[in-house]
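J.: Using only what follows, build the 3D model:
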Amino acid sequence: CIYNMNLMLLLFFFISTLPCVLSEVTVSLSVPELVKPSEKLKLVCKVSGALITDGSKIHAVNYIRQFSGSTFEFLAHINYEAGTALNPDLKSRLTWSRDTAKNEAYLEISGMTAGDTAMYYCASGYFAYWGQGTMVTVTSVTASAPSVFPLIPCCDNVDFNDSVTMGCLVTGYMADPLDIQWNDGSITTGIKTMRPVLSDVDGLYTLSSQLTILASEWKNSTYKCKVVHNYTNTKQEKSLKVLPCMAPHVQLFLQSPCMSDAISRAQHENINATLDLLCIINNFYHGQIKVKWLVNGKQDVSAEASVPTPSKTEDGTYSSSSQLRILKGMWNKGTQYSCIVTHTSSNTTTIANISQCTEQCHDNLQVYPLTPTFHDLYFSRNAKITCLVSSMKTIENFDISWEREKAGNLEFVTEDPVLHDNGTYSVASILSVCAEDWESGDKFSCTVRSQDLPSPVKKTIFKQNEGTPKAPDVYLLPPSAQELIQQEMVTLTCFVTGFNPKEIFIQWMQGGVSISEDKFINTVPMKSDGEQTYFIYSKLAIPAAKWNQGDVFTCVVGHEALPLYITQQSIDKSSGKSSLVNVNLVMS
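T.: I've put the predicted structure just below:
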């Protein structure tokens, strides 16, 4: 018996408006979620609680699909007598069969294309009993796990007397569907999950799920969004916590010359030598700030300062820093420097001042454990671990000792104290161990005893395990057009990203010769939001004449995940672009 298709569609829409009737009849559909172009798609429809051959109850089997945008399309109808009605536009591609012993019906669609991507359904009777739909995607793209990003409103947009909406954005996955749960499924109301959207660019899906609650409920609670992707057997969970807008805590320090090899003892006595001011900005929320430097209360356009992108800390707040390089002669004259931080979310402006004679120069004694340098680890194969003590008011009865978690003799050298411009002392104690011992995760501790301390201070240092090592990508950027027009100093920027762990080495070269470290500025490695990798910038300022005459400049990057530990990018005016080379260098 052949059924008129228009009549069937009319029945479908009629029945879809009827109230739900509970029944023991259930329908299930088995179908692959991912199909390659030109392949066949087989839909297996199984009916439980009724026989598909039972004419008295008219338990026929129907196949329907729904395209994005809620458009339904009838595919096939197989009645209890094995009579069929097939979509005439697809008839040449449809093949049906059934197994009455298993109470199953089958429909095959040949020559699948991207246009067949849809939600497929199986229904029994005259569309009275529906099975759960299955999203079928036709693509040559292989299965891919999703990336999950938590979405929360800015703190200044949250009214705790009203409702608030948070969300999870899920991108870059194949195939659909996936399951999104809030607080492990304990929350079932206030959720709105959008239909997945297939990208025309990369052929991957994107969707979002939103949860709306009372803001007062969120204030002291953490909500979690869990994404389960069965096709790739992956689970990801993101925490969403609201924080009040918090103004940053700003501190301004003079970095001691002994903390950097860039300033030698000879430079320390030279008024044309440079010093670094470090503005520490932390404990703020949300993460957008503006930093401005003043010299004696006036903005100095010649003062070049680095301002890294704020990084998120474990407690959800943000931190950043800004570094300003100044002339030692200006510092000695008592010039006042100001770091001004504007935080839009908290509507605050915070100022920190420093000069040679300010109280900030006389902080309490500090102990800094410093990890081995890349050069020592991978070229000398000798890990030098440093315990740096600064801001000491006296060196009487001072002592540094070392110990190791594992038994064994330790060789260390404690250098002579260094007196600084602010009247305090610093001392460095250097412990030498094998590179293999450091890389194995052995723990080393230095203990400092001093009259400046009420009790000894012990600091432990070891190589942190930050997950799978990842090699960096290196991008070398030429000077901007605006700088070239001025024909004075121009800037080369080396952007290094996507690496883990954060320990990294950057050195600039000109014509194959190393450039002194005081000629360029490296930011500290910063972790990208939502990722387990780091990025860093290095800036080299050179005379425009050197660039115009065609000198070749090279950014050398060292990292433990690189095949030969070292890679480099070179650039010059004639090429106008950089070239990447993996090298095995011996740095002097």
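J.: Please make it C-alpha for all contacts and neighbour counts, starting now.
T.: OK.
J.: how close does the nearest residue to residue 130 once chain neighbours are set aside get to residue 177?
T.: Closest residue in space to residue 130, ignoring its immediate chain neighbours: residue 123 at 4.4 Å, by C-alpha to C-alpha, 6 or more residues apart in numbering. Residue 123 is 20 Å from residue 177, where distance means C-alpha to C-alpha, to the nearest Å.
J.: the more surrounded of the two?
T.: Neighbour totals were compared for residue 123 and residue 177, and residue 123 leads with 26 against 20 (other C-alpha atoms under 10 Å).
J.: wait, what's in contact with the more buried one?
T.: 27, 61, 62, 63, 64, 129, 130, 131 (C-alpha atoms under 8 Å, 6 or more residues apart in numbering).
J.: can you pull the contacts of the second one?
T.: Taking C-alpha under 8 Å, 6+ apart as the contact definition, residue 61 lies against 45, 52, 77, 78, 79, 105, 122, 123, 124, 125.
J.: of all these, which comes closest to residue 173?
T.: For the contacts of residue 61, the residue nearest residue 173 by C-alpha to C-alpha is residue 122; the value is 25.6 Å.
J.: Three-state assignment for the closest residue to that closest one other than its chain neighbours, please.
T.: Distances taken as C-alpha to C-alpha, 6+ apart put residue 63 closest to residue 122, at 4.8 Å, once the chain neighbours are dropped. Three-state assignment for residue 63 (DSSP: H, G, I helix; E, B strand; the rest coil): strand.
J.: cool, residue 518 as well?
T.: helix.
J.: Could you count how many residues lie near it?
T.: Using other C-alpha under 10 Å, residue 518 has 16 neighbouring residues.
J.: Could you do residue 278 as well?
T.: Neighbour tally, residue 278, other C-alpha under 10 Å: 19.
J.: Let me have the contacts of residue 61 in a markdown table, extended by secondary structure.
T.: Shown next, in a markdown table, are these (three-state DSSP):
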| residue | secondary structure |
| --- | --- |
| 45 | strand |
| 52 | coil |
| 77 | strand |
| 78 | strand |
| 79 | coil |
| 105 | strand |
| 122 | strand |
| 123 | strand |
| 124 | strand |
| 125 | coil |
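J.: ok, back up a step: pLDDT wise, what is the residue nearest to residue 130 at?
T.: Looking at residue 123, its pLDDT stands at 87.
J.: Also residue 400?
T.: 93.
J.: I'd say it and residue 414 touch.
T.: Yes. Residue 400 lies in contact with residue 414 (C-alpha atoms under 8 Å); the separation is 7.5 Å.
J.: which residues in the stretch 351-500 of the chain form helices?
T.: Assigned by DSSP state H, counting those that start in this stretch, the helices in the stretch 351-500 of the chain fall at 374-375, 435-439, 481-486.
J.: For residue 557, list the residues it contacts.
T.: With C-alpha under 8 Å, 6+ apart, residue 557 has these contacts: 474, 504, 505, 506, 507, 566, 567, 568.
J.: which residues does it form a beta bridge with?
T.: residue 506, residue 567 (DSSP bridges).
J.: Kindly report the same for residue 182.
T.: residue 225.
J.: what's the burial count for it?
T.: Residue 182 has 23 neighbouring residues, counting by other C-alpha under 10 Å.
J.: now residue 561
T.: Neighbours of residue 561 under the rule other C-alpha under 10 Å: 16.
J.: Break the chain into its domains for me.
T.: Using automatic domain parsing, the domain ranges for the chain come out as 5-138, 147-241, 249-362, 366-461, 473-583.
J.: Could you tell me how many residues sit around residue 317?
T.: Neighbour tally, residue 317, other C-alpha under 10 Å: 19.
J.: Show the pLDDT at it.
T.: 82.
J.: State the number of residues packed around the residue lying closest to residue 365 once chain neighbours are set aside.
T.: Leaving aside its sequence neighbours, residue 365 sits nearest to residue 391 (C-alpha to C-alpha, 6+ apart; 4.7 Å). For residue 391, the count of nearby residues is 22 (other C-alpha under 10 Å).
J.: Same question for residue 100.
T.: 12.
J.: now residue 26
T.: So residue 26, with other C-alpha under 10 Å, has 16 neighbours.
J.: got it, and residue 341?
T.: Neighbour tally, residue 341, other C-alpha under 10 Å: 23.
J.: Same check on residue 222?
T.: Burial of residue 222 is recorded as 12 neighbouring residues (other C-alpha under 10 Å).
J.: Now it: phi and psi?
T.: phi -110, psi 130 (degrees, to the nearest 10).
J.: any idea how far residue 215 is from it?
T.: Per C-alpha to C-alpha, residue 222 is found 12 Å from residue 215.
J.: what does residue 443 give?
T.: Residue 443 is 45 Å from residue 215, where distance means C-alpha to C-alpha.
J.: swap in residue 289?
T.: In terms of C-alpha to C-alpha, residue 289 sits 25 Å off from residue 215.
J.: Compare those two (neighbour count), which wins?
T.: residue 289 (20 against 17).
J.: So the more buried one is in contact with residue 344, correct?
T.: Yes. Contact criterion C-alpha under 8 Å: residue 289 and residue 344 qualify, at 6.8 Å.
J.: and residue 372, how many residues sit next to it?
T.: 22.
J.: re earlier: the residue nearest to residue 122: what's it in contact with?
T.: Contacts of residue 63 (C-alpha under 8 Å, 6+ apart): 74, 75, 76, 77, 120, 121, 122, 123.
J.: is the fourth one in a bridge, and if so with what?
T.: This points to residue 77. Listed beta-bridge partners, residue 77: residue 62, residue 85 (assigned using DSSP bridges).
J.: And for the last one?
T.: Beta bridges link residue 123 to residue 62, residue 130, judged by DSSP bridges.
J.: on that earlier part again, would you mind giving the contacts of residue 557 as TSV with pLDDT and neighbour count added?
T.: Formatted as TSV, the contacts of residue 557 follow (pLDDT from 0 to 100; neighbours: other C-alpha atoms under 10 Å):
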residue	pLDDT	neighbour count
474	92	24
504	89	21
505	90	16
506	92	22
507	92	18
566	89	21
567	91	23
568	91	23
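J.: could the residues you listed go into JSON lines alongside distance to residue 350?
T.: Below are these laid out as JSON lines (distance: C-alpha to C-alpha, whole Å):
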{"residue": "474", "distance to residue 350": "35"}
{"residue": "504", "distance to residue 350": "32"}
{"residue": "505", "distance to residue 350": "33"}
{"residue": "506", "distance to residue 350": "33"}
{"residue": "507", "distance to residue 350": "34"}
{"residue": "566", "distance to residue 350": "41"}
{"residue": "567", "distance to residue 350": "41"}
{"residue": "568", "distance to residue 350": "40"}
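J.: Show me which of those residues is closest to residue 233.
T.: residue 474 (32.9 Å).
J.: Which residue comes closest to that closest one once chain neighbours are left out?
T.: residue 496 (4.6 Å).
J.: ok, the one you found - contacts?
T.: So residue 496 contacts 472, 473, 474, 475, 535, 536, 537 (C-alpha under 8 Å, 6+ apart).
J.: Selecting buried members of the contacts of residue 63 in ChimeraX, what would you type?
T.: Isolation of the buried members of these (16 or more other C-alpha atoms under 10 Å) is achieved in ChimeraX through the command below:
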select :74,75,76,77,120,121,122,123
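J.: Okay, now the unreliable bits of the chain?
T.: Applying pLDDT under 70 to the chain flags the ranges 1-24, 55-59, 69-70, 126-127, 156, 176, 256-272, 300-308, 357-363, 576-588.
J.: where does residue 435 sit relative to residue 297, distance-wise?
T.: 48 Å.
J.: and if you look at residue 346?
T.: For residue 346 relative to residue 297 (C-alpha to C-alpha), the value is 24 Å.
J.: go on, residue 195?
T.: 56 Å.
J.: again with residue 451
T.: From residue 451 to residue 297 the distance is 38 Å (C-alpha to C-alpha).
J.: quick one, which of the two is more surrounded?
T.: The residue with more neighbours, out of residue 451 and residue 297, is residue 451; 15 against 12, by other C-alpha under 10 Å.
J.: what sits against that one?
T.: Taking C-alpha under 8 Å, 6+ apart, one finds 394, 395, 396, 397, 398 in contact with residue 451.
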